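Engineer: A structural model of the following input is requested.
(one chain, ligands or ions: 1)
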Amino acid sequence: MKRLVLLGAGHAHMVALRQFARDPLPETELVVVSPSRWQYYSGMIPGWLAGHYRLDQCRVLVEPTVIAAGGRLVLDRAVELRATEQEVVLASGERVPYDLLSVDVGSASDSAVLNEPDSMILGVKPVERFAEDWPATERSLRARARPRIVVLGGGAGGAEIAMALARRSADCDQAGVVLVAGSNGVVPGFRPRFRRLVRRALMRCGVEIVEEYGEPVVDGVRLAGGRRLRADAVLVSTGGRALPFLEASGLAVDEAGFVRVDASHRSTSHHNVFVAGDACSRVDQRLDRSGVHAVRAGPILARNLAAAISGKPLARFYPRRFSLYLLAAGDCTAIGSYGPLTFSGAWVWKWKDRIDRGFVDSFPGA
Ligand SMILES: Cc1cc2nc3c(=O)[nH]c(=O)nc-3n(C[C@H](O)[C@H](O)[C@H](O)COP(=O)(O)OP(=O)(O)OC[C@H]3O[C@@H](n4cnc5c(N)ncnc54)[C@H](O)[C@@H]3O)c2cc1C
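Structural biologist: Predicted coordinates:
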C-alpha cells in the first residue's frame, strides 16, 4: 500500500479529489493536509466584500470531499518539506512520510509588513486568513469618519476588490478607495478595450487610480516617487510570493521560490512530487497564476497521480489557448475577456455568478 499525501486543499486538489471519488485510487492510503476546514473560492471574495454573498456561500467544507475520495483529512499546516527524506513536517510537530506527494498550497501576498498586530495592512492571500481578518477591520473602519482604504496591486483581483469596497462604502456613505496599480496601470496584460472598460468602471464608482508602485508602511503606502498616501487600511493584492517552506524543501525552484515542474506537473528534481496551482512554475511555458489554470489542471493532476502509483505514463496539461476572465465591477455588472473578445454588462455578472455558484455547489461540502 502506497501513501499519497496531498498538501493543501487548493482549487486543483479539490478537483482532483472529486475525480478520486468517481475513480478510486487502487491500493493507496490518501492523506490530505489542510490548515483550514474550508477551501475558499477566491473568485467570489470580491462579491462577498461588495455584500452580494455571505461568506459561507464562497467556501466549501474540505472534509466531505476528502472522505468521498476515500481519504483522511489532517487539519494542520506544513512548516517544512524534506524532499530527500520524503516527509512533511506539520506545525504540530507531526511528521508525515509519503511515497508520493502532491502540493497545492497556493501563494501568499507579497509584502514584508503584513498581518502585524493592529497594523491594518492585510494581504488578500491566503484568502482564508483574509476572510478571517477582514470583518474586524471593516468594523473598525466603520467607526471612523470617512476612512481611506488603499488597495495595492492593479491586477484583476486588486481592481475587483477596489470596486467592491467602493460600492459597499457608497451604500453607507463611507470610505474613500484608492487603487495603487503600479506603473503598468490597471489590469496590465489584458487587451486595450478590456483595460479601458475596467478603468472606466473604477472611475464610475469613485476609485482613485494611482499609476505608481507603492509599498505598505505603518500609516499607509509609500509611493515609488516618494509621496506617502495616508490610509486607515491597506489591502495588499500584489503578485504573490511562494510559501517559504517550498524554497527550503530541496525541490528545484525558480528564482521566486516556486517549484519547477514539467508539463505533467511533476517536479523537475523529484519524480515522486507533483505541484499544481499557484505554487508551481512550469519550465516549458509561462502559465499565469490563476484559479482558472489551477482548476483545469486538477483532472490531469488526478490522472497523473494515479498513473504514478501504478507506473503508467503521465499526461501533459495543455492550458487552453484562451481563458475566460470575468471581472466583477461591484454593482452586479461584470467585464469579460476571452481571447480577442471583450464584453460587459449585467448579463456578464449573471453569467459569472452562475459559474461561480455552480463550482462551489459541485462539491459535497458546499
Ligand atoms: C480576491 C481574489 C480574486 C481572484 N479572482 C480570480 C478569478 O476570478 N479568476 C481566477 O482565475 N483567479 C482568481 N484569483 C486568483 C486565484 O485565487 C488563485 O490563482 C488560485 O486560488 C490558486 O489556486 P491554488 O489551487 O494554487 O491555491 P489556493 O486555492 O489558494 O489554495 C491553497 C490552499 O493551500 C492551503 N495551504 C496554504 N498553506 C499551507 C501549508 N503550509 N500547508 C498546507 N496547506 C496550506 C490553503 O489553506 C489553501 O486551502 C483571485 C485571487 C484573489 C486574491
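
Engineer: tell me the helices in the stretch 101-250 of the chain, going along the chain?
Structural biologist: Counting by DSSP state H, counting those that start in this stretch, residue ranges of the helices within the stretch 101-250 of the chain are 127-142, 156-171, 192-204, 244-247.

Engineer: quick one: stretch 8-27 near the ligand?
Structural biologist: Yes: when contact is scored as CB under 6 Å from any ligand atom, part of stretch 8-27 falls within range of the ligand: Gly8, Ala9, Gly10, His11, Ala12. To be clear about C-beta, it is placed using only N, CA and C from the backbone, and glycine gets the same treatment.

Engineer: Can you list the buried residues in that stretch?
Structural biologist: 8-21, 25 (16 or more other CB atoms under 10 Å).

Engineer: tell me which parts of this protein are close to the ligand?
Structural biologist: For the chain, the contact set with the ligand under CB under 6 Å from any ligand atom comprises 7-12, 33-36, 39, 42-43, 45-46, 77-78, 104-106, 124-128, 157, 161, 237, 243, 277-279, 289-292, 294.

Engineer: Try it again at 5 Å.
Structural biologist: 8-12, 35-36, 39, 42-43, 45, 77-78, 104-106, 124, 157, 277-278, 289-292, 294 (CB under 5 Å from any ligand atom).

Engineer: How about the secondary structure of the residue lying closest to Leu326 once chain neighbours are set aside?
Structural biologist: Using CB to CB, 6 or more residues apart in numbering and skipping residues adjacent in sequence, the residue nearest Leu326 is Lys352, 4.0 Å away. Using DSSP: H, G, I helix; E, B strand; the rest coil, the structure places Lys352 in helix.

Engineer: Show me where the stretch 251-366 of the chain has its helices.
Structural biologist: 291-310, 346-361.

Engineer: Tell me, how many residues neighbour the residue in the chain that the ligand sits nearest to?
Structural biologist: Taking CB to the nearest ligand atom as the measure, the chain has Gly277 as its residue closest to the ligand, at 2.2 Å. Gly277 has 26 neighbours, counted by other CB atoms under 10 Å.

Engineer: surely it meets Ser42?
Structural biologist: No: taking CB atoms under 8 Å as the contact criterion, Gly277 and Ser42 are not neighbours in contact, 11.1 Å apart.

Engineer: before we move on, the earlier item: and the buried ones among the residues of the chain next to the ligand, selectable in PyMOL?
Structural biologist: What follows is the PyMOL syntax for the buried subset of the residues of the chain next to the ligand, where burial is set by 16+ other CB under 10 Å:
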select buried, resi 8+9+10+11+12+35+36+39+42+43+45+77+78+104+105+106+124+157+277+278+289+290+291+292+294
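
Engineer: Could you pick out which of the residues of the chain next to the ligand are located in strands?
Structural biologist: Counting by DSSP state E, the part of the residues of the chain next to the ligand found in strands is Gln39, Ala78.

Engineer: who touches His11 in this structure?
Structural biologist: His11 makes contact with Gln39, Tyr41, Asp104, Gly277, Gly291, Ala294, Val295, Gly298 under the criterion CB atoms under 8 Å, 6 or more residues apart in numbering.

Engineer: now do Gly250
Structural biologist: The contact partners of Gly250, by CB under 8 Å, 6+ apart, come to Leu81, Arg82, Ala83, Thr84, Ser269, His270.

Engineer: Please pick the buried ones from those residues.
Structural biologist: When neighbours are counted using 16+ other CB under 10 Å, the contacts of Gly250 contain these buried positions: Leu81, Ala83, His270.

Engineer: Next up, phi/psi of the last one, please.
Structural biologist: Backbone geometry at His270, expressed as degrees, to the nearest 10, gives phi -130, psi 110.

Engineer: Thought Leu251 was touching it, still the case?
Structural biologist: Yes: contact criterion CB under 8 Å: His270 and Leu251 qualify, at 5.7 Å.

Engineer: what's the overlap in contacts for these two?
Structural biologist: Common neighbours of His270 and Leu251, using CB under 8 Å, 6+ apart, are Ala83.

Engineer: for Glu247, what are its contacts?
Structural biologist: With contacts taken as CB under 8 Å, 6+ apart, Glu247 has the following neighbours: Val253, Gly257.

Engineer: And it, how far from Val74?
Structural biologist: Note on Glu247: its distance to Val74, by CB to CB, to the nearest Å, is 23 Å.

Engineer: go on, Gly157?
Structural biologist: In terms of CB to CB, Gly157 sits 29 Å off from Val74.

Engineer: And for Ile309, the neighbour number?
Structural biologist: Ile309 is surrounded by 16 other residues when neighbours are defined as other CB under 10 Å.

Engineer: Domains in this protein, by residue range?
Structural biologist: Using automatic domain parsing, the domains assigned to the chain come out as 2-35+76-107+242-310, 121-239+322-361.

Engineer: Just the endpoints, please. Distance across the first one?
Structural biologist: Using CA to CA, to the nearest Å, the end-to-end distance of domain 2-35+76-107+242-310 comes out at 10 Å.

Engineer: ok so, going back, mind putting the buried ones among the contacts of Gly250 into JSON lines with pLDDT?
Structural biologist: Supplementary listing: the buried ones among the contacts of Gly250 in JSON lines, determined by pLDDT from 0 to 100:
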{"residue": "Leu81", "pLDDT": "98"}
{"residue": "Ala83", "pLDDT": "98"}
{"residue": "His270", "pLDDT": "98"}
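
Engineer: Good, wrapping up.
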